[in-house]
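>>> Build the 3D model from these lines:
(one chain, ligands or ions: 3)
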Amino acid sequence: MADTRLYLISPPRIDTEAFAAQLTEALEGGDVASFQLRLKGIPDVDIERAARVLMPICHKYDVAFLINDNPKLVRRLKADGVHVGQGDTPYAAAREIVGPDAIVGVTCHNSRHLAMEAGEAGADYVAFGAFFPTNTKDVSHQADREILSWWTELFEVPCVAIGGITVENCRELIEAGADFIAVSGGVWNHPDGPREAVRQFNQIIQEV
Ligand SMILES: Cc1ncc(COP(=O)(O)OP(=O)(O)O)c(N)n1
Ligand SMILES: Cc1ncsc1CCOP(=O)(O)O
Ligand SMILES: [Mg+2]
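Ligands and ions are numbered 1, 2, ... in the order given. Reported below is the predicted structural model:
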């Protein structure tokens, strides 16, 4: 069995009440390590409102609750962590805001250099992607699975694989050593629902 775990990413827009039910269903499907609230293009006040509903659900299932892009909101809500990209608050500033105990993850695209920089600076994980075509985000970087095996052989800092990951294509990333597979559409758009998607991801992880 691989050590890989699931990292769920929210859809970029949600109806909070309906999504709370979907999230609960997903978390009923099996092991999930963490959840990232990734709402794009909406006011902070709405992200905060959604977080106040969704964070307790994650905590009930012992799932870490991270917020994308916004370290100040993470501090205010005492969320578990923040994910920052290369165009967001830089790692050091994000760490300063959220404190030493919160999780800070950093987007590293397909760059060994960016990943070593983030790892040395103290990031809790480095994220590589996109591995496959995705409708969730306009991406301008494509990652190769070799970067996952290279990273895991050399460094202790966990690595996350993201971008277009589904139950059909995840196996090669698990085999390459991804510590986490970060999935949005592959769970929320699964034809048999999020619970079944989470179950199937975990089944594949167990088989590898
Ligand atoms: C786990 C994880 N990896 C990568 C990203 C992408 O972050 P970023 O490059 O800042 O792009 P946006 O998500 O902000 O559009 C992520 N959010 N999570
Ligand atoms: C946020 C992000 N960063 C790189 S690809 C991506 C989208 C992830 O969503 P999906 O799993 O639906 O491709
Ligand atoms: Mg970002």
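
>>> can you give me the strands in the chain?
Secondary structure of the chain, counting by DSSP state E: strands at 5-9, 34-37, 64-68, 81-84, 103-107, 125-129, 159-162, 180-183.

>>> Check whether the third one comes into contact with ligand 3.
No: Strand 64-68 is not in contact with ligand 3 by C-beta under 5 Å from the ion; minimum separation 5.7 Å. (Glycine included, C-beta is placed from N, CA and C.)

>>> can you give me the angle that strand makes with strand 5-9?
Interaxial angle of strand 64-68 relative to strand 5-9 (axes from the mean of the first three to the mean of the last three C-alpha atoms, to 10 degrees): 40 degrees.

>>> Report the angle between strand 64-68 and strand 103-107.
Using the same axes, to 10 degrees, strand 64-68 lies at 50 degrees relative to strand 103-107.

>>> Give me the sheet partners of strand 64-68 and which way each runs.
Sheet pairing for strand 64-68, assigned by DSSP bridges, gives strand 34-37 (parallel), strand 81-84 (parallel).

>>> With the fifth one instead?
As defined by DSSP bridges, the strand partners of strand 103-107 come to strand 81-84 (parallel), strand 125-129 (parallel).

>>> Select, out of the strands of the chain, the one closest to residue 93.
Residue 93 lies closest to strand 81-84 among these, at 8.8 Å (C-beta to C-beta).

>>> Nearest spatial neighbour of the residue of the chain found nearest ligand 3, chain-adjacent residues omitted?
The chain approaches ligand 3 most closely through residue 85 (3.4 Å), counting by C-beta to the ion. Counting by C-beta to C-beta, 6 or more residues apart in numbering, residue 85 lies nearest to residue 107, which is 4.0 Å off, once chain neighbours are set aside.

>>> hang on, the earlier thing: need the strands paired with strand 103-107 in TSV with mean neighbour count, can you?
Below are these laid out as TSV (neighbours: other C-beta atoms under 10 Å):
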stretch	mean neighbour count
strand 81-84	26
strand 125-129	25
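
>>> Any chance of CSV for those, columns mean pLDDT and distance to ligand 2?
Output for the strands paired with strand 103-107, formatted as CSV (pLDDT from 0 to 100; distance: least, C-beta to the nearest ligand atom, whole Å):
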stretch, mean pLDDT, distance to ligand 2
strand 81-84, 98, 9
strand 125-129, 98, 4
